[in-house]
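> Fold the stuff below for me.
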Amino acid sequence: MNRLVNRYVKFRNLRVLLQVVVVSILMTLTLPAFAGAEIHTAAQEASEPKYIAIVNPQGKAAVGGMCVDIMRAMEKADPELQFVGDQVWQPRARIDAGLKAGNIDVICGVQRIARNTSQYQFAATLLFSVNYLLAVRADDPIAIEDWDDIRKLGNNGIILALRGFGIVDILTKMGGLKIDDTATSSVSNLKKLLAGRGRFYCHRSPGIGLAIQQAGLEDKIRLLSKPQLTEKFYMGMAKTMHPELVRKIGAALVLLEKNGELKRIFERYQE
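The predicted structure follows:
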């Protein structure tokens with residue numbers, strides 16, 4: 001009789017142990033797969049000051065800029081957020097292709113325009129706002145009041161812009177403007193401007209002043225005060241991203257907004 005009791009007790013204990021093991025396995029499987037996982041991104045080419053080519057303390061080429069600073073601040077706010085890829089340069093078109101292929105998870109600093117909203121979901125917190133300015137040759141006496149003045153210029157009012165950038169979509173939607181977006185860098189567009197292959201170069205500030213300075217063209221290029229466009233930039237995320245990871249990214253940005261870090265980062269890059 002005692003043997004039967006002992007066997008029953010052992011069987012019951014084994015059953016309980018197996019239940020504990022099964023529950024533990026199920027809990028492990030249902031834990032967020034993103035915990036400590038890498039969040040893939042890329043440094044967008046020609047997007048200064050979102051991403052800027054720098055030399056690190058070890059004397060090696062590196063990538064800095066507003067977006068790098070924002071992501072490092074987010075990692076500090078929530079150590080489970082680990083961004084990788086911000087030290088690898090890619091053109092915007094390749095970043096978008098990487099998103100579709102599942103190789104890119106986030107893109108820092110994008111506008112809520114149709115082309116972007118069709119590809120990304122957005123964190124609610126505003127990262128920063130910028131003004132788009134028009135650059136002209138220093139010896140061009142033109143004075144512009146509004147966009148209609150540019151429309152009236154026809155082929156003498158070609159606006160240079162960067163391929164794949166949101167400003168192209170915005171200018172196109174405004175209608176009646178002649179746009180050349182074949183260049184992929186500010187240096188190329190500034191050279192085209194000097195060569196008379198465009199009347200204006202439209203780019204964001206902060207950014208355009210740095211580009212003119214780096215090209216050594218401060219005495220050959222000037223910026224117009226009018227007209228201007230103000231645009232807001234956000235953190236874009238893959239629509240397939242786990243909802244809890246989306247929440248954590250959003251929460252980190254809310255924290256950085258409340259403690260003033262986003263503002264401090266933006267102010268460091270003012271022109």
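> For this structure, give me the ranges with low pLDDT.
For the chain, applying pLDDT under 70 flags the ranges 1-36.
> quick one, what contacts Gln90?
For Gln90, the contact set (CB atoms under 8 Å, 6 or more residues apart in numbering) comprises Ala42, Ala43, Gln44, Glu45, Gly98. From N, CA and C alone the C-beta is placed, and that goes for glycine too.
> For Ile220, give its distance to Gln213.
You called it Ile, but residue 220 is Lys. According to CB to CB, to the nearest Å, Lys220 stands 12 Å off from Gln213.
> Ok, Pro141 next?
In terms of CB to CB, Pro141 sits 23 Å off from Gln213.
> again with Ile249
In terms of CB to CB, Ile249 sits 33 Å off from Gln213.
> Between those two, tell me which one has more neighbours.
Ile249 (22 against 12; other CB atoms under 10 Å).
> so can I have a markdown table of the contacts of Gln90 showing secondary structure and neighbour count?
Output for those, formatted as a markdown table (DSSP: H, G, I helix; E, B strand; the rest coil; neighbours: other CB atoms under 10 Å):
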| residue | secondary structure | neighbour count |
| --- | --- | --- |
| Ala42 | coil | 25 |
| Ala43 | strand | 23 |
| Gln44 | strand | 25 |
| Glu45 | coil | 19 |
| Gly98 | helix | 19 |
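> of all these, which two lie farthest apart?
Glu45 and Gly98 (13.3 Å; CB to CB).
> Strands along the stretch 101-250 of the chain, start to end?
106-110, 120-122, 128-137, 159-162, 179-183, 200-205, 221-238 (DSSP state E, counting those that start in this stretch).
> quick check: angle from the longest one to strand 128-137?
What separates the directions of strand 221-238 and strand 128-137 is an angle of 150 degrees, with axes from the mean of the first three to the mean of the last three CA atoms, to 10 degrees.
> returning to what we had before: Throw the strands of the stretch 101-250 of the chain into JSON lines and include distance to Ala37, thanks.
As requested, the strands of the stretch 101-250 of the chain are arranged in JSON lines below (distance: least, CB to CB, whole Å):
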{"stretch": "strand 106-110", "distance to Ala37": "13"}
{"stretch": "strand 120-122", "distance to Ala37": "18"}
{"stretch": "strand 128-137", "distance to Ala37": "27"}
{"stretch": "strand 159-162", "distance to Ala37": "32"}
{"stretch": "strand 179-183", "distance to Ala37": "36"}
{"stretch": "strand 200-205", "distance to Ala37": "32"}
{"stretch": "strand 221-238", "distance to Ala37": "13"}
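> Of those strands, which is nearest Glu80?
Among the strands of the stretch 101-250 of the chain, strand 106-110 sits nearest to Glu80 (CB to CB), with 14.5 Å.
> Give me the contacts around that closest one.
39-42, 44, 47, 50, 66-67, 70-71, 83, 95, 99, 116, 120, 122, 127-128, 166, 233-238, 241, 249.
> Okay, now the sheet partners of that strand, with direction.
strand 221-238 (antiparallel) (DSSP bridges).
> At the geometric centre of the chain, which residue do we find?
Among the residues of the chain, the one closest to the centroid is Cys108, at 2.0 Å (CA atoms, centre = their mean).
> what's near enough to touch the nearest residue to Ile104 once chain neighbours are set aside?
Nearest non-adjacent residue to Ile104, counting by CB to CB, 6 or more residues apart in numbering: Gly98, 3.6 Å away. Contact analysis of Gly98 by CB under 8 Å, 6+ apart lists His40, Ala42, Gln90, Ile104.
> Farthest-apart pair in those, please.
His40 and Gln90 (11.1 Å).
> got the buried residues for stretch 233-250?
Across stretch 233-250, burial judged by 16 or more other CB atoms under 10 Å covers Phe233, Tyr234, Met235, Gly236, Met237, Ala238, Met241, Leu245, Val246, Lys248, Ile249, Gly250.
> could the contacts of Gly98 go into JSON lines alongside distance to Val187?
JSON lines is the format used below for those (distance: CB to CB, whole Å):
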{"residue": "His40", "distance to Val187": "28"}
{"residue": "Ala42", "distance to Val187": "20"}
{"residue": "Gln90", "distance to Val187": "18"}
{"residue": "Ile104", "distance to Val187": "25"}
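> With that, I have no additional questions.
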